[in-house]
Every structure is written in C-alpha cells, then in structure tokens.
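*Asks:* kindly generate the corresponding structure for this input.
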Amino acid sequence: MLVGIIMLIGFVSAMPMAQASVTCQTVDINDAKSLNDAFQAAINTLLLSVDPTRSSSLPKDVQWWVAANAWTAVTLKDRRGGDEQNRKTIEAVFARALNYSSPTFELNSFNDDQAWWALWACEAARTYGDASQGWLAAAKGAWMTIQQTWTDECGGGVPWDRSQPPGQGKKAIPNGLLLLLSSKLHALTGESQYLEMATRVWGWLSGSGLVRSDGLVADSTQCNKPTYEPSCYANISWATYSYNTGVVISALTELYRNTKNGTYLAAASTMAQAAVTSSAFLDPSGAIREGCNCGQSGQQCCESCGAPFPACGDGVEFRGPYVRGLSDLYQVEPLPQIKELIQRSLRGALAYECTSSWQLGPHWYDFDEWTPTTSSQIPALELFAANCAVLIAT
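*Replies:* Presented below is the predicted three-dimensional model:
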C-alpha cells in the first residue's frame with residue numbers, strides 16, 4: 001500500500017494537502033476542473049510515497065527510470081492544468097536528482113534510463129521556462145552522452161547498455177528515446193544537430209525491421225552484421241511492449257511539429273491505429289493493458305499467463321509512455337479511437353481500482369484482486385495527463 005509522511009519530498013516546506021473536491025466516483029473526466037482536481041489528488045497520494053530520508057528523489061519501491069516518468073506526469077499536470085501548483089516540488093526533485101546522479105542524470109550505463117530523465121527536463125523547461133534551473137543544460141548533456149554511443153552494429157543505432165561490448169544487438173527503446181529527445185531538443189532550441197540526429201535515428205529504426213508489419217514496434221534485434229540485411233529478421237525479438245510503440249509515436253509527432261513533413265505524421269498515425277486495436281494492449285472490456293513478452297502471436301498478457309499484473313515488475317509502467325504517445329498524436333491528429341480508448345481506460349481505473357484516498361491499482365478495468373502500489377500509481381498519473389491532453393485538444 002502507499003504509505004508515507006505528508007511532506008513534499010522532504011525538501012519542500014511541509015504543508016497540509018487540500019482535500020480533493022471530487023471522489024473517484026464523482027469526477028467528470030469531460031470537465032477540465034473536475035479532471036484537474038482529481039489529477040492533483042492522485043499526485044498528492046504519490047507524494048506520500050516518497051521517503052524524505054532518501055537522497056534520490058525516488059518514490060518508494062520504484063526504479064530510477066520509472067521515477068523520471070512520475071515527475072514527467074506531474075509536470076504535464078501543471079502545463080495542461082494551466083497552473084504551477086507543483087513547481088516547487090519539481091524544482092526540488094531536479095536539484096536532488098542531479099546531486100544523486102550527475103549533472104546529466106547519468107546514474108548507470110543504461111542509455112534509456114538517462115534519456116527518460118532528460119525528457120523530463122525538457123518537459124520542465126517547456127512548462128516552467130529555463131531561466132534559472134538549467135533543465136535544458138542537463139537534457140543537452142544527456143543527449144550528448146547517449147548519441148556518442150552510436151555504432152554500426154545492426155546498421156546503426158545506440159545500445160541499451162553502453163558498458164557492454166559489441167554483440168549485444170540493439171533495442172527499440174533507447175533508440176526511440178533518442179529519437180524523441182532529439183526531436184524535443186530541436187523544438188526547444190532550434191539547433192540543427194538535434195534534427196539531424198532525429199532523422200538519422202528514424203532512418204535507421206524504420207529500416208531496421210523493428211517496425212513490425214502490423215505497425216507495432218518490436219523489442220530488439222540481435223543482428224551483428226555491420227549493415228542491415230534481410231537475414232537479420234531471424235534475429236529480431238518480435239515481442240512488443242506498449243512503450244516501444246508509444247515513444248516512437250511521440251517522437252514522430254514531435255518531428256512532424258518541427259518540420260511539417262507529413263510522412264512523419266502518417267507513420268505515427270499508422271502505428272497508433274495498429275496499437276489501439278491490438279489484442280496485445282487491450283483487455284476484453286476495451287481498456288488498455290500491457291502485453292507480456294508475447295512473441296509473434298501477440299496474444300499472451302500478464303493475466304493470461306496466470307500471474308497477477310504486478311508480477312510484471314516495472315512493466316506496469318510501460319502503459320504510461322504509451323498513453324502519452326497516443327495523447328501527443330491526438331493533439332495534432334484527433335483520431336476518435338484514441339480519445340475513446342484513453343477515456344475508457346480512465347473510467348475503468350476510477351470505477352474499479354481507485355480508493356477513497358486516491359490510491360490507484362494496476363489494472364484499468366474490472367479485475368478480481370488488486371492492490372494499489374507506488375508502481376501502479378505512476379502510470380495512472382500518466383493516464384490522467386493523457387486525458388487532460390485529449391480534453392484540451394477536443
């Protein structure tokens with residue numbers, strides 16, 4: 001269960017948190033104020049899970065990369081809600097995170113972990129401005145570290161773990177994140193090096209075989225050839241996770257915004273329409289769920305494997321970047337099936353797995369047994385952020 005002390009991360013002045021004006025049962029997701037109030041109530045519950053004695057800015061029992069997505073959701077609440085209610089918290093998190101890791105969020109050798117934090121810094125710079133905090137400097141530094149790990153193995157791309165020797169292959173997620181980070185930095189700075197890297201990453205990714213024939217993004221390739229060849233398809237892990245596709249949808253949408261090149265928007269739309277109808281990501285009720293290492297069949301999910309959803313570990317979070325990608329696209333191309341899916345999923349979360357203290361469970365639909373955890377709270381915040389986005393765009 002979510003437990004903690006009512007203190008904003010332990011380094012923002014403690015203050016009583018206002019009681020939510022809505023309940024899980026009364027929130028109107030089509031009303032901006034009602035939705036915003038509910039979103040903030042769920043954020044306040046997350047803040048209770050942050051141990052003020054820890055130096056890392058991590059909510060309890062979550063990994064480094066997941067925490068970055070938590071703070072991204074909080075930042076998006078302020079931007080989409082038109083206020084800066086959480087700014088002091090975000091500024092404190094930023095200072096604590098840099099002290100815990102490095103000036104560029106480099107805590108370990110994983111490119112994706114560093115990229116998630118850099119993306120959060122980009123969102124903070126866009127939301128609050130960059131005059132005094134140095135968010136952009138941190139994001140730029142992270143980008144420099146990641147892009148320098150590009151190799152010709154598999155025809156290009158960056159590795160997942162930069163400490164490993166050649167031969168590990170390439171994964172979709174660090175490359176999708178480099179594509180997104182490059183696109184966001186280009187939007188924020190106008191500097192051509194970021195656009196050049198974004199087009200380079202997409203050129204490799206789109207030709208690598210990782211974009212499956214059904215439009216979803218596969219997990220990885222173990223091709224060790226210096227250039228990509230058809231025989232490499234035998235070495236692709238066809239498993240797909242929702243965040244692989246969601247991150248690329250976000251990136252292509254940002255690229256379209258920056259360049260007005262319709263091919264990027266068309267590719268993002270194709271991926272989104274495949275994703276929102278894929279059995280890998282849908283419960284029979286029509287709400288979003290996460291597929292587990294489903295191989296080519298795309299049919300297995302955590303529940304059908306016989307394990308409760310939390311058994312998927314940090315895979316519970318995968319849906320967060322996925323719904324963010326869908327909502328990013330919706331703001332540019334308002335496909336009705338995206339809005340319907342995002343709203344249906346939030347209605348399910350509120351109806352079936354939301355407590356009176358705004359603890360949210362790991363499923364966004366009716367499930368026999370569930371326990372709210374910090375790990376389940378974070379993707380729910382991202383689901384709130386996605387609902388705010390589609391409401392604003394409507």
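
*Asks:* contacting residues for I378?
*Replies:* The contact partners of I378, by CB atoms under 8 Å, 6 or more residues apart in numbering, come to 46, 59, 62, 66, 69-70, 73, 317, 320. (Glycine included, C-beta is placed from N, CA and C.)

*Asks:* which one of those is nearest to V201?
*Replies:* V201 lies nearest to N69 out of the contacts of I378, by CB to CB, at 20.5 Å.

*Asks:* pretty sure that closest one contacts L383?
*Replies:* No - counting by CB atoms under 8 Å, N69 stays clear of L383, with 11.9 Å between them.

*Asks:* for this structure, where's the lowest mean pLDDT among helices and strands?
*Replies:* Between all helices and strands in the chain, the lowest mean by mean pLDDT, DSSP states H and E belongs to strand 236-237, at a mean of 66.

*Asks:* got the CA coordinates for the very next helix or strand once past that strand in PDB?
*Replies:* Per DSSP states H and E, the first helix or strand lying C-terminal to strand 236-237 is helix 242-259. C-alpha atoms of helix 242-259 as PDB (Å, rounded to 0.1, in the frame of the first residue of the first chain):
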ATOM      1  CA  SER A 242       3.400  -0.700 -25.400                       C
ATOM      2  CA  TYR A 243       6.100   1.900 -24.500                       C
ATOM      3  CA  ASN A 244       8.200   0.900 -27.500                       C
ATOM      4  CA  THR A 245       5.400   2.000 -29.800                       C
ATOM      5  CA  GLY A 246       4.200   4.900 -27.700                       C
ATOM      6  CA  VAL A 247       7.600   6.500 -27.500                       C
ATOM      7  CA  VAL A 248       8.100   6.400 -31.300                       C
ATOM      8  CA  ILE A 249       4.600   7.800 -31.800                       C
ATOM      9  CA  SER A 250       5.500  10.700 -29.600                       C
ATOM     10  CA  ALA A 251       8.800  11.200 -31.400                       C
ATOM     11  CA  LEU A 252       7.300  11.200 -34.900                       C
ATOM     12  CA  THR A 253       4.600  13.600 -33.800                       C
ATOM     13  CA  GLU A 254       7.200  16.000 -32.500                       C
ATOM     14  CA  LEU A 255       9.200  15.600 -35.700                       C
ATOM     15  CA  TYR A 256       6.100  16.500 -37.700                       C
ATOM     16  CA  ARG A 257       5.500  19.600 -35.500                       C
ATOM     17  CA  ASN A 258       9.100  20.700 -36.100                       C
ATOM     18  CA  THR A 259       9.300  20.000 -39.900                       C
END
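
*Asks:* could you give the average pLDDT over helix 242-259?
*Replies:* The pLDDT scores in helix 242-259 average 97.

*Asks:* go on, stretch 119-133?
*Replies:* Stretch 119-133 comes out at a mean pLDDT of 90.

*Asks:* quick one, what contacts the residue nearest the centre of the chain?
*Replies:* By CA atoms, centre = their mean, the chain has its centre lying nearest to P321, at 2.4 Å. P321 makes contacts with 69, 242-243, 246-247, 250, 382, as judged by CB under 8 Å, 6+ apart.

*Asks:* what of A275?
*Replies:* Each residue near A275 by CB under 8 Å, 6+ apart is listed here: 215-216, 242, 245-246, 249, 281, 322, 326.
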